[in-house]
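A.B. asks: Attaching a predicted model along with its sequence, questions to come.
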Amino acid sequence: MVVLHVMRASSSSSSSPPAEVGEEEAGEFLHECAASSPVEDVAAALAGVAALQAHLLSLCRCLRGRMVEGRTAAGELERAVAEAESYASKEQVRHNKFLSPRALREHIKNIEKAAVAALQESPEALLLQQKSSDDKHGNVQLWWAGKELAIGKKLSDYIGVNDKTKIVIRLRHISQPS
């Protein structure tokens, strides 16, 4: 299996490669796939994991702010937020740990449940529900070695057939002209 070290780059509508320094957001993670995987499947999987990771981290930031504002000493909520932040952090890359979409969803559910119990408000009132990000999955570009990976090709067209490869991929959400 090919290991992809994914770094998210800021949104852009240009077709130039993402800048090397200073353009990345906090989102970084590892993903594993076969070298023979189609680029569009890899892009969809990476966009899904990136969206879940971003949602989870923003949820954690939001709840940390509410806990500080309200001086809430909710032990269960604090523990759930700390575990989720730890799981979704880019520190996992250093330890060669992959992010699982299932585990990310589970952390989101745990945080929502703990927040409702600790803050005694409905999830709607807490604004915890994830905004639909399904439309973003089709609007991503993958970049490797200064080249955009074209939809319709396979990953092996770029990196070869060796399944014991580790590469750094930049994931960029592109904005649609309106």
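C.D. replies: Ah, there it is. Numbering: from 1, shown residues only.

A.B. asks: Other residues contacting stretch 90-99?
C.D. replies: Identification of contacts with stretch 90-99 by Cβ atoms under 8 Å, 6 or more residues apart in numbering yields 5, 26-32, 49, 52-53, 87-88. In short, each C-beta sits where N, CA and C put it, glycine included.

A.B. asks: in the strand or helix carrying residue 118, what counts as buried?
C.D. replies: Per DSSP states H and E: residue 118 is located in helix 101-119. Across helix 101-119, burial judged by 16 or more other Cβ atoms under 10 Å covers 104, 107, 108, 110, 111, 112, 114, 115, 116, 118, 119.

A.B. asks: likewise stretch 31-40?
C.D. replies: By neighbour count on 16+ other Cβ under 10 Å, the buried set for stretch 31-40 is 31, 33, 35, 37, 38, 39, 40.

A.B. asks: Quick check, the second one in contact with residue 156.
C.D. replies: So the one you mean is residue 33. No: applying Cβ atoms under 8 Å as the test, residue 33 and residue 156 come out as separate, 10.7 Å apart.

A.B. asks: Give the other helices and strands that the lengthiest helix in the chain contacts.
C.D. replies: In the chain, taking DSSP state H as the definition, the longest helix is helix 39-70. Contacts defined by 3 or more Cβ pairs under 8 Å, 6 or more residues apart in numbering; DSSP states H and E place helix 39-70 against strand 2-12, strand 24-33, helix 75-88, helix 101-119, strand 140-144, strand 147-149, strand 166-174.

A.B. asks: how close does the closest residue to residue 139 other than its chain neighbours sit to residue 92?
C.D. replies: Excluding its sequence neighbours, the residue lying closest to residue 139 (Cβ to Cβ, 6 or more residues apart in numbering) is residue 174, at 5.1 Å. Distance check for residue 174 against residue 92: by Cβ to Cβ, to the nearest Å, it reads 26 Å.

A.B. asks: cool, residue 46 as well?
C.D. replies: Distance from residue 46 to residue 92, by Cβ to Cβ: 15 Å.

A.B. asks: who has more neighbours, the two?
C.D. replies: Shown here are residue 46 and residue 92; by other Cβ atoms under 10 Å, residue 46 has more neighbours (21 against 17).

A.B. asks: Among the helices and strands packed on helix 39-70, which comes closest to residue 64?
C.D. replies: helix 75-88 (6.3 Å; Cβ to Cβ).

A.B. asks: For that closest one, list every residue counted as buried.
C.D. replies: 77, 78, 80, 81, 84, 85, 87, 88.

A.B. asks: Dump the residues you listed into a markdown table; add distance to residue 169 and pLDDT as well.
C.D. replies: As requested, those are exported to a markdown table (distance: Cβ to Cβ, whole Å; pLDDT from 0 to 100):
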| residue | distance to residue 169 | pLDDT |
| --- | --- | --- |
| 77 | 34 | 88 |
| 78 | 34 | 90 |
| 80 | 30 | 92 |
| 81 | 29 | 92 |
| 84 | 24 | 95 |
| 85 | 23 | 94 |
| 87 | 21 | 95 |
| 88 | 18 | 94 |
